[in-house]
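# Quick one, what's the 3D model for this:
(one chain, ligands or ions: 1)
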Amino acid sequence: MSMTELEIQGQIIKPGERKLISLPVGVLTTHEPVTMRAWVIRGKTAGPTLMVTGCIHGDEINGAEIIRRLVNSPSLRKRFKGTLIAVPIVNVPAFSNRSRYLPDRRDLNRLFPGSPKGSLGGRLAHVLTSELLPLCDAVVDLHTGAVNRANLPQVRVTAEDRASLEVAQAFGSPVTLTTETQPGTFRAACNEAGIPVILYESGEALRLDTASIRFGKRGVQAVMRHMGMLPKRPAAAKKSAKHAVVCEKGHWERAQVGGIFTALIALGKAVKKGDVLGFVADPFGDYEEEVVSSQTGILIGRTNVGQVDEGDALFHVALARFPSRAEKKIVQSGEGLPDIAEDDDDHPVHYDPYTDVI
Ligand SMILES: [Zn+2]
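As a prediction, the model looks like this:
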């Protein structure tokens, strides 16, 4: 075997080749095997390896769609260096159930690094961490908000992790949140292995969102350019990456009473302490209670549910000292994206005029 061949569990991928490989994980109650399927796409020239993962939470389907469009992108066929490992659906059993969780109701993103003799989730985690992660120079893990809870495109990265922050900057997300990494997450496993990792969150579970998908695909390609896997874009096209807003903390504004909920503010907007964000009304007409912001920042997440109980999370505000300036930067970072007409997006899989600028 020559030095340049890549072998993953006996499956050989030569330079210039692309293969969809299958890694066995276990067997389901129906006696069907569970396998983790990964695209391994290699350029003809040596270079770094990037892994992109989707659907660690089975209902966060924007990630799978970002990867589907990414692996079909014409930019990967020309002047592409190194190796892209793309796992559209990490949590296959949860994806089949259209659920965030594994069939035993556990959260796969609390089971890393996993174990070869653990639960099904533990084994899934182990396959990813032991077979694929060691091959990588960086990781982009794709997520969305929860069911009925939409997120503005945002990147989460571990505070003071410089290498990961650099990847986050290259991705060019409107907002980067520097947050603590929870134990058991894939992000924690990457940190442990010393591999830079960012988590991209956009949109909501069970729902495809065009802007989130385009932003995600564009971000991954920007990371690939940053790593030298794709040719650099002309200076004029680099503008967006400079406009990211970095926030250290998020705060959830919760319902103070139960009732029918109306939001009055959109994602990405500036929020000042004392602003009215929405209201909760008594369905019997007795009261209308304003939801007042206790913080100053940018709205990065919002519930889309019209019924709320007291205590339900309504608005996620990323704290920022100069929210109007941050709002402006967010608009600039999304230049072109929100304005794309839906009928332009008929079939953007093989060539997307917005994200496939080569
Ligand atoms: Zn998630």
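# Residues contacting the host helix or strand of Tyr200, please?
If you go by DSSP states H and E, Tyr200 is part of strand 197-203. Strand 197-203 has contacts (CB atoms under 8 Å, 6 or more residues apart in numbering) with 62, 138-145, 150-158, 164, 167-168, 171, 173, 186-187, 190-191, 209, 211-213, 215-216, 219, 223. C-beta here means a position set from N, CA and C on the backbone, and glycine is covered the same way.
# In contact with Val327, which residues are there?
Actually, residue 327 is Glu. It isn't Val. The contact partners of Glu327, taken as CB under 8 Å, 6+ apart, are 268-270, 298.
# 10 Å - rerun?
Neighbouring residues of Glu327 by CB atoms under 10 Å, 6 or more residues apart in numbering: 174, 245, 268-271, 297-299, 320.
# and it, helix, strand or coil?
The local conformation at Glu327, judged by DSSP: H, G, I helix; E, B strand; the rest coil, is helix.
# Is there any residue in the strand holding Tyr200 that contacts the ion?
No: using CB under 5 Å from the ion, strand 197-203 stays clear of the ion, with a minimum separation of 7.1 Å.
# From the contacts of Glu327, which land in helices?
Among those, no member falls in helices (DSSP state H).
# and the two most separated of the residues you listed?
Spanning the widest gap among the contacts of Glu327 are Pro174 and Val271, at 14.8 Å by CB to CB.
# Can you pull out the low-pLDDT segments for the stretch 201-350 of the chain?
234-243, 334-350 (pLDDT under 70).
# Bridge partners for the residue in it positioned nearest to the ion, pull those for me.
Residue nearest to the ion within the stretch 201-350 of the chain: Glu201 (7.1 Å; CB to the ion). Note on Glu201: beta-bridge partners by DSSP bridges are His143, Gln154.
# about what we covered before: filter the contacts of strand 197-203 down to the ones close to the ion.
Contacts with the ion within the contacts of strand 197-203, as defined by CB under 5 Å from the ion: His143.
# Could you tell me which of the contacts of strand 197-203 belong to strands?
Counting by DSSP state E, the part of those found in strands is 138-143, 150-158.
# And these, which two are furthest apart?
The span of the ones in strands among the contacts of strand 197-203, defined through CB to CB, is set by Ala138 and Ala150 at 27.2 Å.
# on that earlier part again, okay if I get the contacts of Glu327 as CSV plus neighbour count and distance to the ion?
Below are the contacts of Glu327 laid out as CSV (neighbours: other CB atoms under 10 Å; distance: CB to the ion, whole Å):
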residue, neighbour count, distance to the ion
Pro174, 27, 18
Val245, 25, 21
Gly268, 20, 20
Lys269, 19, 24
Ala270, 19, 26
Val271, 26, 24
Gly297, 26, 22
Ile298, 27, 21
Leu299, 25, 20
Ala320, 24, 23
